[in-house]
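Student: Fold the following for me, if possible:
(chains A and B)
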Amino acid sequence: MIRIAQLSCGSEYSGIQKEIERAAETVGAKIVYPEVSIDDILNVESTFGVSVSSGDLNLAIARAVRIVQNPDLADAVIVMTCFRCAEAAIIRSEIRKYIHEHSKIPVLSYSFTERTKAETLLTRMEALVTTVKYRGLLAREKQKGLTAGIDSGSTTTKSVVMRDNQVIGTGWVPTTEVLKSAEDALQAALKMAGVQKEEVSAVGVTGYGRFLVGKHINARLIQEEITVNSKGAVFLADAQKGPATVIDIGGMDNKAISVQDGIPGGFTMGGICAGASGRFLELTARRLGVDITDLGKLALKGDFRNVAMNSYCIVFGTQSLVNSLSMGCKPEDVAMAACHSVAEQVYEQQLQEVEVKEPVIMVGGTSLIEGLPKAMEELLQVKVTVPRYAQYIGAVGSALLVSGLLED
Amino acid sequence: MAKVIVYPPTSMILSDLVERMGHKALVVPEAVRRLVTANDIDSPPLNVTPEEPKKGLRYAAVDVPSGVRGRMALIGPIIEEAEAAIIAEDPGWLTGCAGCSRTNELVRLLIRTKGVPVLDLSYPTNDVEAKVFVQKIKAFLEGLK
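Tutor: Okay, the predicted model is just below:
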């Protein structure tokens, strides 16, 4: 059983400890608490670098130091503190960095509220456990045989068919009924590939609808998006060796993943506000009267500085959008401002928590809206790569990984 | 001559000692002076604008309050520049107000994890302790190249 060390402050008094344990149990892991002595806690200023006012945070720090000194104590670490606590926000991030820099143990940090449920934590826990459990599978670099992948996303469902390391068929449909959309996307990919469903050796499934779809089609692999998208991104961008950063701005949430040799190290999942998601860009396109596929090209002709837009919330963003157009702003400037706004939010809220190392690979359907990778390039001051089939990243990652299971 | 950051990073007493020993003291007032004398910024009293908390994201995540990040926009680059550090614990706010306890915690942590020589001292409470305090600082600074 995978042991996840919990370093936290406030989870018991927030009433969510049971939810944390339930999430761990669901993914086949158990929560452990490394033992420390009173001296370990009293000495955190010298061992870690700082001692803080909150005793529970000092305890979490002492446990982090203990894990680094003795990595056999845990297979993975989750650092959790209350949302809105300033001291905890600082320390949570520093503990994560400390463990990441001083050990090879995968680590994840999360700020919770009393509303945090096991389901909220599930994808994160699953990714953490996968990184430990399937290290060998994640190190796989080539797809072999004939396999298919389905990404049952919140907005769209994508599918690919791969044969001997090549994508030979793709399918893309808007997500309506989850099962029907998955079936339609797969059929489209099979048709393009010119193969029958029966010929496919195995199917891998990811995305929000993965459990439902996976069970329905008897998928060999049902996997969360963090590991699958990391794998798909480095495969398509030909960056399987060394570091990479994967940014996926989705319809409902965003992921920033720091990858080493194709295996996710640290990652963040955001998605509290739709203002930082693909939905805001869809809304912008509709308001500007252009197709979403043309929004990016329009944005490339504009300058975001000409429009006051600060869409930390999709409602305020829409107001900015309407105001700017009524003031006579050019559509291209508004389009670029919307792209910049989304990129800026992801940059400010998520990319601070992962180590941004080149190459930076943007994936998902939104990466095809050309203004978005350009805005991200301007913010990060590095080149952003958008690989071919970027919108099929989850499906490609699934097809690649499931082919590894066939050999085992 | 070494670049020495002092903690609290606003302490004029400590920065004066560093300068007297022929080193460069890295202190916040210098960063503040650069801002308040900038002609093209109009954001009194310190000329800190909403851009500073954004720059502070380099040192603290977005869920850390803006005041901490705004301070870190000034203090963070100083820490990066430091080749040595003097940390006076429990200085009391009269030693040089850093204003925010959370920022102080982060500053201490970043200094200690930087890997530069650090002199740890307790702030003196009487004349005898004050003499020892100054002697220790003198010996530390003399040992720096």
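
Student: in the stretch 251-400 of chain A, which spans are strands?
Tutor: Under the criterion DSSP state E, counting those that start in this stretch, the stretch 251-400 of chain A contains strands at A:254-260, A:263-270, A:360-363, A:384-385.

Student: tell me the most buried of these?
Tutor: Here the criterion is mean neighbour count by mean count of other Cβ atoms under 10 Å in any protein chain shown, and of these the winner is strand A:360-363, at a mean of 27. To be clear about C-beta, it is placed using only N, CA and C from the backbone, and glycine gets the same treatment.

Student: still on that earlier bit, figure out which of the strands of the stretch 251-400 of chain A is closest to chain B.
Tutor: Closest to chain B of those, according to Cβ to the nearest Cβ: strand A:263-270, at 9.3 Å.

Student: Parallel or antiparallel, list what pairs with that closest one.
Tutor: Applying DSSP bridges, strand A:263-270 is found paired with strand A:254-260 (antiparallel).

Student: what's next to the partner strand, contact-wise?
Tutor: The contact list for strand A:254-260 (Cβ atoms under 8 Å, 6 or more residues apart in numbering or on different chains) reads A:225-226, A:229-230, A:233-234, A:242-248, A:264-271, A:276-277, A:346, A:350-351, A:353-357.

Student: Helix, strand, or coil at B:Ile86?
Tutor: At B:Ile86 the chain is in strand, as set by DSSP: H, G, I helix; E, B strand; the rest coil.

Student: how close does A:Pro264 get to A:Asp253?
Tutor: Per Cβ to Cβ, to the nearest Å, A:Pro264 is found 16 Å from A:Asp253.

Student: next one: B:Ala38
Tutor: Note on B:Ala38: its distance to A:Asp253, by Cβ to Cβ, is 40 Å.

Student: Tell me which of the two has more neighbours.
Tutor: A:Asp253 (19 against 11; other Cβ atoms under 10 Å in any protein chain shown).

Student: picking up where we left off before, mark which of the contacts of strand A:254-260 are buried, thanks.
Tutor: A:225-226, A:229-230, A:233-234, A:243-248, A:264-270, A:276-277, A:346, A:350-351, A:353-354 (16 or more other Cβ atoms under 10 Å in any protein chain shown).

Student: now, which of the residues you listed lie within helices?
Tutor: A:Glu225, A:Ile226, A:Asn229, A:Ser230, A:Ala233, A:Val234, A:Val346 (DSSP state H).

Student: The residue lying closest to A:Ser152 once chain neighbours are set aside and B:Asp90, how far apart?
Tutor: Distances taken as Cβ to Cβ, 6 or more residues apart in numbering or on different chains put A:Gly209 closest to A:Ser152, at 3.2 Å, once the chain neighbours are dropped. Going from A:Gly209 to B:Asp90 by Cβ to Cβ gives 57 Å.

Student: Get me the contact residues on chain B for chain A.
Tutor: Residues of chain B lying near chain A by Cβ under 8 Å from any Cβ of the partner chain: B:54, B:57-58, B:60-65, B:68, B:101-102, B:105-106, B:108-113.

Student: Generate a PyMOL selection restricted to the buried subset of these.
Tutor: Burial among these is assessed by 16+ other Cβ under 10 Å; the matching PyMOL selection reads:
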select buried, chain B and resi 54+57+60+61+62+63+64+65+68+102+105+106+108+109+110+111+112+113
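
Student: so of the residues of chain B next to chain A, which ones are in helices?
Tutor: Among the residues of chain B next to chain A, the members found in helices (DSSP H) are B:Lys54, B:Val68, B:Ser101, B:Arg102, B:Glu105, B:Leu106, B:Arg108, B:Leu109, B:Leu110, B:Ile111, B:Arg112, B:Thr113.

Student: where are the low-confidence patches of the stretch 201-350 of chain A?
Tutor: Applying pLDDT under 70 to the stretch 201-350 of chain A flags the ranges A:271-276, A:310-313.

Student: I misspoke; the intended subject was chain B.
Tutor: The model of chain B has pLDDT under 70 over residues B:92-98.

Student: which residues of it fall in strands?
Tutor: Per DSSP state E, chain B carries strands over the ranges B:3-7, B:24-26, B:84-89, B:118-122.

Student: angle of the first one against helix B:101-114?
Tutor: I take that to be strand B:3-7. Here the directions of strand B:3-7 and helix B:101-114 differ by 140 degrees (axes from the mean of the first three to the mean of the last three Cα atoms, to 10 degrees).

Student: what does the stretch 101-250 of chain A put close to chain B?
Tutor: So the stretch 101-250 of chain A meets chain B at A:Ser111 (Cβ under 8 Å from any Cβ).

Student: Which residues are in contact with residue 64?
Tutor: With no chain named, the answer covers chain A. A:Leu7, A:Phe48, A:Val77, A:Val79, A:Ile95, A:Tyr98, A:Ile99.

Student: Please refer instead to chain B.
Tutor: Counting by Cβ under 8 Å, 6+ apart, B:Val64 has contacts A:Ala86, A:Ala89, A:Ile90, A:Ser93, B:Arg102.
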